[in-house]
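Undergrad: what follows is a predicted protein model with its sequence.
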Amino acid sequence: MAKEKTKVTLIGSTLAKVGLEFIYEGSACTECEGCRVRKTCHNLQPGRKYQVVAIRTNTRHDCPVHHGAAVAVDVAEAAIVALIGADMAIANSRISYEFSCPRTGCRSYRLCRPDGIIEGAKYVIGEVLGNAPDVCERGRPLKLVELRPV
């Protein structure tokens, strides 16, 4: 099995726990503009889902955003569980994810538009987890899959 590609970034010390999953929202804080570690703190792709895989205990930076300081962690892009058309649900195949349904009141909406997915980005279907937990309001046959960014 290939070793998972990781990246070093900074997060708040109270958030730094192995296994924590988060969506990187991007840089929106004016407090960060003059910070000397800004580039390391904001080196992830906005909108992507990451998982903390290791904590580097030898670094600690004062931070006006993260109370208690920011620490260095190793993160990997996390798998995302999503619904896709049943005809595309083939393990180890690559897809370009498109948001196909705007029905925000549908019970499957969060799985059809999961956090961490970037529309138009390429993903590998890691595992087909089964049928959709609810019936699609548009009558589409859907499968629940685990997606990994390419």
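TA: That came through fine.
Undergrad: so residue 141 sits right up against residue 85, yeah?
TA: Yes. Using C-beta atoms under 8 Å, residue 141 is in contact with residue 85, at 7.1 Å. All C-beta atoms are positioned from the backbone trio N, CA, C, and that covers glycine.
Undergrad: tell me which stretches of this protein form strands.
TA: If DSSP state E is used as the criterion, the strands of the chain fall at 7-12, 21-23, 49-61, 70-77, 80-85, 94-96, 122-131, 142-149.
Undergrad: relative to residue 35, which of those strands is closest?
TA: Set against residue 35 and scored by C-beta to C-beta, those come closest in strand 49-61, at 8.3 Å.
Undergrad: pLDDT below threshold where in this structure?
TA: For the chain, applying pLDDT under 70 flags the ranges 1-3.
Undergrad: distance of the residue positioned nearest the centre of it from residue 59?
TA: In the chain, the centroid-proximal residue (C-alpha atoms, centre = their mean) is residue 49; its distance is 1.1 Å. According to C-beta to C-beta, to the nearest Å, residue 49 stands 24 Å off from residue 59.
Undergrad: got the contact list for residue 5?
TA: 76-77 (C-beta atoms under 8 Å, 6 or more residues apart in numbering).
Undergrad: switch to 10 Å and redo it
TA: 76-77, 149 (C-beta atoms under 10 Å, 6 or more residues apart in numbering).
Undergrad: ok, residue 131 next?
TA: Here residue 131 is in contact with 83, 86, 89, 141-144 (criterion: C-beta under 10 Å, 6+ apart).
Undergrad: which of those residues has the most neighbours?
TA: residue 83 (26 neighbours; other C-beta atoms under 10 Å).
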